[in-house]
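Student: below are the sequence and a predicted model for it; my questions follow.
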Amino acid sequence: MREKYLIHCPGCGRSFPDHYTLDCPSGCDALLRTVYAERRLPLRSLPGVFRYKEWLPVEGHLRVDAGPVSYASEGLARELGLSHLTVTFSGYWPERGGRMETCSFKELEAQPTVLRLREKGAGVIQVSSAGNTGRAFCQASALTGAPVVVVVPASAADRLWTTVEPPNVCLITVDGDYSDSIAFGREVCSIPGIVPEGGAKNVARRDGMGTVVLDGTLSAGRLPDSYFQAVGSGTGAIAAWEAAERLIADGRFGTRLPALHLSQNLPFVPMVRAWEAGRRDILPAEDMPDVEASISRVYADVLTNRHPPWGVRGGVYDALAASGGRVYAVGNDDARSAGRLFAETEEIDLDPAAAVAVASLLRAAEEGLVGPDERILLNVTGGGYARAAEDLDRYPVEPYLRVRAGEAFAGDVRDAVRGWLSEQGVAVRA
Ligand SMILES: Cc1ncc(COP(=O)(O)O)c(C=O)c1O
């Protein structure tokens with residue numbers, strides 16, 4: 001039987017079967033990609049994101065309604081003088097079919113990732129997050145029963161909730177920032193049986209996010225000329241580029257890559273600075289000066305990733321270069337007023353990150369960086385929190401362990417996580 005997909009390394013050119021593979025076995029510094037046997041996108045009559053199952057690295061599917069929804073904008077499009085604006089919305093908006101109950105596109109990543117891991121029998125997944133990603137994985141855990149270890153800064157713990165109970169989550173809060181949580185999460189993965197979710201390296205995350213471009217393109221009938229998104233790690237932007245390449249190879253939707261228009265929130269804009277300086281490297285002193293202070297001042301704090309996959313082969317720099325893209329540094333006031341404008345014209349509330357993307361579109365339209373008749377895809381990466389609060393139950397995820405920044409992952413702390421793992425029926429070696 002032919003394989004549904006293979007993993008391909010753009011570094012050495014080798015292709016191989018997937019064993020939940022995150023890195024090239026030859027050690028190449030490149031993001032691995034999936035290559036699907038089906039070149040033409042077949043659609044499945046399945047719910048949510050699994051409609052695009054043939055281009056997801058999974059065999060089965062989950063019975064979950066959460067997927068991207070796309071529509072031709074009228075209100076915002078009129079306001080901006082754009083004749084072909086497609087909005088692809090990830091969040092809770094039942095009137096439009098939006099059923100992502102944790103309200104962000106991180107559910108597009110979490111569902112195929114949890115399923116891929118289960119199918120490959122790779123172990124229990126570990127996720128470090130500042131909020132939306134962790135919440136999406138808690139929800140995936142609650143829906144599937146899959147055990148998940150989530151590490152977050154203590155200040156973000158109240159962002160972790162689900163709309164169904166109970167998630168099977170070992171929540172560890174770290175009394176420090178997002179970087180401390182990432183460092184602690186790495187140590188947790190030293191326990192055999194716990195595997196890192198892999199971030200941008202994980203093809204299930206990228207292909208899940210790439211469904212935004214699939215959905216927006218099918219809705220509009222052809223590939224967009226321009227694609228707008230706010231970026232923190234930029235994984236969604238890489239995913240958009242890869243999905244667009246697949247649609248070009250499909251042959252039915254156009255031949256040109258959409259230009260990526262990527263935005264970050266001032267004053268923390270490392271990718272904007274590195275791009276404007278024409279650099280493949282992010283230099284902390286130049287691109288992230290006063291890092292703690294600037295992170296504390298942004299409106300959309302989910303965009304404050306200090307280690308984005310920028311210069312790696314197949315990363316964000318390459319995606320911008322290949323597509324002839326642009327970057328935008330958006331101030332808090334502009335983001336807030338763009339969020340209000342969206343709520344007035346489209347009638348749904350936005351995640352602050354999505355408001356940053358809308359602000360970049362406003363600027364592009366005002367400055368003529370996009371033409372009035374261009375076909376535009378706006379990736380609204382999160383929203384509908386107010387709507388969800390009216391309709392849905394909310395179950396907070398309680399911390400299982402609380403640790404200090406820099407605390408060693410040893411002794412009682414390590415034993416506690418091992419104890420939790422064995423409760424899940426995972427064999428834990430000494
Ligand atoms: C709502 C929302 N939009 C955009 C982003 C940026 O995504 P990425 O970090 O993959 O670039 C995030 C990241 O958490 C997010 O939660």
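Tutor: Looks like it arrived, so ask away.

Student: any idea how far Trp271 is from the ligand?
Tutor: For residue 271 the amino acid is Met, not Trp. In this view, Met271 and the ligand are 9 Å apart by CB to the nearest ligand atom, to the nearest Å. C-beta coordinates here come from the backbone N, C-alpha and C atoms, glycine included.

Student: now Pro309
Tutor: 10 Å.

Student: same question for Ile7.
Tutor: 21 Å.

Student: quick check, that residue in a strand?
Tutor: Yes. Assignment of Ile7 by DSSP: H, G, I helix; E, B strand; the rest coil places it within a strand.

Student: contacting residues around it?
Tutor: 15-18, 21, 32-35, 203 (CB atoms under 8 Å, 6 or more residues apart in numbering).

Student: next: Arg39.
Tutor: 249-251.

Student: buried ones only from those residues, please, as a ChimeraX command.
Tutor: Listed next is the ChimeraX selection for buried residues among the contacts of Arg39, using 16 or more other CB atoms under 10 Å:
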select :250
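
Student: for stretch 88-106, the averaged confidence score.
Tutor: Mean pLDDT, stretch 88-106: 97.

Student: that older thread, possible to save the contacts of Ile7 as a markdown table with distance to Ser83?
Tutor: A markdown table is the format used below for the contacts of Ile7 (distance: CB to CB, whole Å):
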| residue | distance to Ser83 |
| --- | --- |
| Ser15 | 42 |
| Phe16 | 46 |
| Pro17 | 46 |
| Asp18 | 42 |
| Thr21 | 44 |
| Leu32 | 39 |
| Arg33 | 34 |
| Thr34 | 35 |
| Val35 | 36 |
| Val203 | 36 |
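
Student: what's the closest of those residues to Ala386?
Tutor: Val203 (34.0 Å; CB to CB).

Student: how many residues are close by the closest residue to that closest one other than its chain neighbours?
Tutor: With CB to CB, 6 or more residues apart in numbering as the criterion, Val203 has its nearest non-adjacent residue at 4.8 Å, and that residue is Thr34. By the criterion of other CB atoms under 10 Å, Thr34 has 20 neighbours.

Student: and the spatially most central residue of the chain, how close does it get to Pro153?
Tutor: Geometric centre of the chain, nearest residue: Lys106, 4.7 Å, by CA atoms, centre = their mean. With distances taken as CB to CB, to the nearest Å, Lys106 is found 17 Å from Pro153.

Student: the residue nearest to Val203 pairs with what?
Tutor: Per DSSP bridges, the residues bridged to Thr34 are Ile7.

Student: pull the contacting residues for the residue in the stretch 151-300 of the chain positioned nearest to the ligand.
Tutor: At 3.1 Å from the ligand, Gly232 is the closest residue in the stretch 151-300 of the chain, using CB to the nearest ligand atom. Neighbouring residues of Gly232 by CB under 8 Å, 6+ apart: 264, 302-305, 308, 353.
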